[in-house]
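[1] Generate coordinates for the sequence data below:
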Amino acid sequence: MAKQTVDHGAATAPRQPVAGLINLKNILFATDFSSCSQTVQARIASLARRYEAKVLIAHVVSPRHYPPIPPEAEVLQERTWRDSRRHLEEIAKSKEMMDFPHEVLLGHGEVDKVLLEMIQAHDIDLVVVGTHGRRGLSRLALGSVAEGLIRNSPCPVLTCGPHVPDSESPEFQIHHVLLATDLPGISPAALSYALSFAVEFSARLTVLHVAPVSLLNRRQLQEDLQTRFRAVIPEDVAAWCEPEYVVEPGDPAGGILRVADNRQADVLVQSVRRARGWTSFHIGNILSTVLTQAKCPVLTVRSVQ
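    Purely as a prediction, here's the structure:
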């Protein structure tokens, strides 16, 4: 965890919490060499420096990239493999990757399956991908890959959709973290990531719940949201980071995007679980809409619930 300066002369100054927050040791950067993959490089670099992590730059050559008829297939496969290796080495030598350990991984096969094998083999803590599908995750390559990873990855997945702008600074800064949640469930894993980002980057944290509620019920839900989260946030973390609690009326996807945009969130954290009910964040239209329309990176964390 990156160190921050604490004024020990101030008796009331809370100490930065060290327990209960995430520890990123290995980050997998899945790239298809498109422009959306380039968008995430500065963000990966900042996370690697903050958490003193190693970055594994990965690409998978799929059989779909070339025809199944020899000898043309063999020639094209060799060329594709060689070009992919060259692109990976170029990323590895880029200025964004200079300040932390990294290596390249080149695989062959079905993209989702090979990436999941890499995650297991290299003890990956976080996967980062760019997704360029503007009309749903299944439209284009990294869109479908992102969906498959979110469904099956044992670790969280950070996606940068087509509306996420390039970082204006070589050092990606997180000033505002938005944690989208449903009630009554609270995902401890999603909360840990949101709190860790807020603490590491000295950022504001907003906890959001979206539901079709009246003004009266909205106030009650907001109090309930605050009570539930205060009960599970570690005491030392609460002294360092006091979240704002917001209940937004409307449909989940639209409400999440609206609050993220209006409050200029730098990262959106949400849990994903298989559940019934339209307020649950499940793999489907809600998540697809958020991932492809959000103007900030989205971290999806699988819930054990």
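[2] tell me the mean pLDDT for stretch 34-53?
    Confidence for stretch 34-53, expressed as mean pLDDT, is 83.
[3] Can you pull the phi/psi pair for Thr31?
    phi -130, psi 150 (degrees, to the nearest 10).
[4] ok, it - contacts?
    When contacts are counted by CB atoms under 8 Å, 6 or more residues apart in numbering, Thr31 touches 37, 57-59, 88, 91, 129-130. Yep, even glycine has a C-beta here, placed from its N, CA and C like the rest.
[5] remind me, longest helix of the chain?
    Longest helix in the chain, counting residues (DSSP state H): helix 72-92.
[6] in stretch 205-223, what counts as buried?
    Neighbour-count burial for stretch 205-223 flags 205-211, 213, 218, 221-222 (criterion: 16 or more other CB atoms under 10 Å).
[7] and the end-to-end length of it?
    The straight-line separation of the ends of stretch 205-223 (CA to CA, to the nearest Å) is 17 Å.
[8] just stretch 230-242 next, same as before
    Termini of stretch 230-242 sit 9 Å apart (CA to CA).
[9] What residues of that stretch count as buried?
    233, 236-237, 240-241.
[10] how distant is that stretch from the center of its chain?
    22 Å (CA atoms, centre = their mean, to the nearest Å).
[11] now do stretch 95-110
    18 Å.
[12] following the helix or strand harbouring Asp261, which helix or strand comes up?
    Assigned by DSSP states H and E, Asp261 belongs to helix 252-262. As assigned by DSSP H and E, the chain's next helix or strand after helix 252-262 is strand 267-272.
[13] what's the angle from that following strand to helix 252-262?
    Orientation note: strand 267-272 sits at an angle of 160 degrees relative to helix 252-262 (axes from the mean of the first three to the mean of the last three CA atoms, to 10 degrees).
[14] about what we covered before: can you tell me which of the contacts of Thr31 comes closest to Ile119?
    Closest approach between the contacts of Thr31 and Ile119, by CB to CB: Ala58, at 9.4 Å.
[15] Could you pull up the residues touching the closest one?
    Per CB under 8 Å, 6+ apart, neighbours of Ala58: 28-31, 104-107, 115, 118.
[16] Give me the buried entries from those residues.
    28-31, 104-107, 115, 118.
[17] In contact with Val128, which residues are there?
    27-30, 40, 43-44, 47, 157-160.
[18] any chance of the residues you listed in JSON lines, with distance to Asn262 and secondary structure too?
    Below are the contacts of Val128 laid out as JSON lines (distance: CB to CB, whole Å; DSSP: H, G, I helix; E, B strand; the rest coil):
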{"residue": "Ile27", "distance to Asn262": "30", "secondary structure": "strand"}
{"residue": "Leu28", "distance to Asn262": "32", "secondary structure": "strand"}
{"residue": "Phe29", "distance to Asn262": "30", "secondary structure": "strand"}
{"residue": "Ala30", "distance to Asn262": "31", "secondary structure": "strand"}
{"residue": "Val40", "distance to Asn262": "24", "secondary structure": "coil"}
{"residue": "Arg43", "distance to Asn262": "22", "secondary structure": "helix"}
{"residue": "Ile44", "distance to Asn262": "27", "secondary structure": "helix"}
{"residue": "Leu47", "distance to Asn262": "25", "secondary structure": "helix"}
{"residue": "Val157", "distance to Asn262": "25", "secondary structure": "strand"}
{"residue": "Leu158", "distance to Asn262": "22", "secondary structure": "strand"}
{"residue": "Thr159", "distance to Asn262": "21", "secondary structure": "strand"}
{"residue": "Cys160", "distance to Asn262": "20", "secondary structure": "strand"}
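[19] Kindly indicate which of the residues you listed lies nearest Val145.
    For these, the nearest to Val145 is Ala30 (6.7 Å; CB to CB).
[20] how close does that closest one get to Gln293?
    Per CB to CB, to the nearest Å, Ala30 is found 21 Å from Gln293.
[21] try Val61
    According to CB to CB, Val61 and Gln293 sit 30 Å apart.
[22] Also Pro165?
    In this structure, Pro165 and Gln293 are 14 Å apart, going by CB to CB.
[23] More neighbours: those two, which one.
    Using other CB atoms under 10 Å, the more surrounded residue of Pro165 and Gln293 is Gln293, with 18 against 9.
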